[in-house]
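Asks: Okay, predicted coordinates and the sequence, questions at the end:
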Amino acid sequence: MTEPLFLHDSYLREATGRVTGHTLEGGIVLDASIFYATSGGQPGDAGRLVWDGGGIDIGTTVKGQGGDIVLVPAEPARLPEIGTYVKQSLVWDRRHRMMRVHTALHLLSVIIPRPVTGGQIAADKGRLDFDMENAPEDKDALTGLLNDMIARDLAVTAEWIPEAVLDQQPELIKTMTVKPPRGQGPIRLIRIGEGDAAVDLQPCGGTHVGWTSEIGRVRIGKIEKKGRQNRRVYLHLEDA
């Protein structure tokens with residue numbers, strides 16, 4: 001099982017890891033990883049591994065067996081041997097932009113307080129699908145509310161609770177289709193704002209910025225109808 005270092009510090013750009021295995025498809029498993037594995041609508045990280053006598057570019061990262069995180073080489077190449085210590089480094093600009101988008105999507109779920117049926121994150125935009133019959137009428141008003149909340153510079157923090165506590169607070173789960181993992185210990189929550197200034201608290205295993213002001217300005221894009229009771233709302237980073 002790989003230790004997911006990004007769960008405790010999304011800002012780790014480099015770290016040392018030891019190779020613990022290879023997959024049949026040519027992937028690399030480390031004992032500890034700063035690379036986020038594709039899940040929950042967030043793409044896997046890209047970057048590079050370097051070791052004594054070699055190096056390899058990582059194109060993406062996926063989940064493996066038994067909690068393993070698998071780093072997938074961008075091209076077929078000689079893999080570091082099992083037991084080798086490697087230096088991990090992320091394509092940081094891409095990761096940081098996805099952190100900004102992901103946190104902005106949490107805020108979008110606050111200003112549109114409807115159940116979430118799906119979502120997707122990219123390095124310049126993201127979207128959430130909402131269980132609602134009628135689309136919001138004023139995109140400019142939504143954009144204003146979202147940017148006002150971002151500008152409040154709210155702290156974004158992580159905390160963990162037992163599964164039994166989450167069971168007693170089902171309202172924390174906003175997503176209808178994606179549920180928090182079970183049987184793996186405490187559940188990670190992302191809180192935006194502190195004390196009376198808190199605006200959101202929900203289970204999430206993704207990567208986030210530390211303060212909402214770091215998101216920068218955003219705008220609401222298209223709002224599409226995706227079924228009788230499903231509306232897809234796009235969000236864009238203004239500097240993308």
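Replies: Noted; the coordinates are in hand.

Asks: could I get stretch 229-240 in CSV with only the CA atoms?
Replies: C-alpha atoms of stretch 229-240 as CSV (Å, rounded to 0.1, in the frame of the first residue of the first chain):
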residue,chain,number,x,y,z
GLN,A,229,-33.4,16.8,-13.7
ASN,A,230,-29.8,17.3,-14.4
ARG,A,231,-28.0,20.5,-15.2
ARG,A,232,-24.2,20.8,-16.0
VAL,A,233,-22.5,24.0,-14.8
TYR,A,234,-19.0,24.8,-16.2
LEU,A,235,-16.5,26.9,-14.3
HIS,A,236,-13.4,28.5,-15.8
LEU,A,237,-10.2,30.1,-14.3
GLU,A,238,-10.0,33.6,-15.7
ASP,A,239,-6.3,33.4,-16.2
ALA,A,240,-6.4,30.1,-18.1
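
Asks: list the buried ones in it?
Replies: 231-237 (16 or more other CB atoms under 10 Å). The C-beta positions use only the backbone N, C-alpha and C, and glycine is treated the same way.

Asks: again with stretch 204-212
Replies: Under 16+ other CB under 10 Å, the buried positions of stretch 204-212 are 204-209, 212.

Asks: just stretch 106-119 next, same as before
Replies: 106-112, 114, 116-119.

Asks: likewise stretch 5-22?
Replies: 5-6, 10, 12, 15, 17, 19.

Asks: Would you mind naming the residues that bridge with T175?
Replies: Beta-bridge partners for T175, by DSSP bridges, are V116.

Asks: Verify the contact between it and V116 for me.
Replies: Yes - counting by CB atoms under 8 Å, T175 does reach V116; the two are 4.8 Å apart.

Asks: Let me know the outermost residue of the chain.
Replies: Residue farthest from the centre of the chain, counting by CA atoms, centre = their mean, is G53 at 32.9 Å.

Asks: if I look at that residue, how far off is Y234?
Replies: Here G53 is placed at a distance of 46 Å from Y234 (CB to CB, to the nearest Å).

Asks: Tell me where the protein has helices.
Replies: 92-111, 139-151, 163-167 (DSSP state H).

Asks: Let me have these in TSV, extended by mean pLDDT and distance to L128.
Replies: Formatted as TSV, the helices of the chain follow (pLDDT from 0 to 100; distance: least, CB to CB, whole Å):
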stretch	mean pLDDT	distance to L128
helix 92-111	98	6
helix 139-151	96	12
helix 163-167	87	21
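
Asks: right, and those helices - which one's nearest D200?
Replies: For D200, the closest of the helices of the chain is helix 92-111, at 5.1 Å, according to CB to CB.

Asks: now that closest one, how far from the centre of its chain.
Replies: Taking CA atoms, centre = their mean, to the nearest Å, one finds helix 92-111 lying 8 Å from the centre of the chain it belongs to.
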